[in-house]
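Colleague: With the input below, show me the fold.
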Amino acid sequence: MQDSILELWLRLLSLHIEDPSDTPLASRIRDHWLLASRGYFVGCIPHNLEETVSTAEGRAIALRAIDSLKAALEAGPALLDHGTLNLLGFYEGNFVRGVETSRLIEVANAFKDHIEGRIECDVTSTAFMPGSHVAT
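Modeller: This is a model prediction of the structure:
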């Protein structure tokens with residue numbers, strides 16, 4: 001998937017980790033996703049998903065955040081304005097156009113499918129790249 005889409009996804013996802021259930025693990029996951037989404041890691045975004053979901057607590061934190069973000073995206077506008085996205089603190093490579101929420105919903109579905117074992121391809125497959133479908 002494109003770095004910018006994964007970075008945007010992780011930035012928004014980190015903001016959907018529930019504060020009231022804030023545990024040391026939730027804080028570590030949030031902090032890691034915020035750093036990974038910053039824009040420093042070109043071509044290899046360290047999302048640490050496998051490590052995050054390796055425990056029941058981490059898996060629950062990730063799935064709740066995904067469900068929360070997906071619901072917000074589905075209720076939100078069809079296009080996230082580039083000017084607003086550039087306020088989210090990315091290091092460089094500012095967004096020059098808006099991002100369709102459908103692309104981020106596609107990433108949400110792929111992350112959830114991966115966590116729940118419904119993805120049958122591996123990292124080398126480019127048959128489906130979540131978030132790459134741009135509305136025309």
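Colleague: longest single helix anywhere in this protein?
Modeller: In the chain, ranked by residue count with DSSP state H as the criterion, the top helix is helix 56-75.
Colleague: Give me the buried stretch members for that one, please.
Modeller: Within helix 56-75, the residues that qualify as buried by neighbour count (16 or more other CB atoms under 10 Å) are 58, 61-62, 65-66, 68-70, 73. Every residue, glycine included, has its C-beta placed from N, CA and C.
Colleague: between the residues you listed, which is closest to Thr23?
Modeller: Lowest distance from Thr23 to the buried residues of helix 56-75 (CB to CB) belongs to Ile61, with 8.0 Å.
Colleague: so what's that closest one up against?
Modeller: 17-18, 21, 23, 25-26, 29, 52 (CB atoms under 8 Å, 6 or more residues apart in numbering).
Colleague: Could you measure from the closest residue to Leu80 other than its chain neighbours over to Tyr91?
Modeller: In this structure, Leu80 finds its nearest non-sequential neighbour in Val99, 4.9 Å apart by CB to CB, 6 or more residues apart in numbering. Relative to Tyr91, Val99 is positioned 17 Å away (criterion: CB to CB, to the nearest Å).
Colleague: now do Arg38
Modeller: Taken as CB to CB, the span from Arg38 to Tyr91 is 5 Å.
Colleague: Which of those two has more residues huddled nearby?
Modeller: Applying other CB atoms under 10 Å to Arg38 and Tyr91 shows that Arg38 carries more neighbours, namely 17 against 11.
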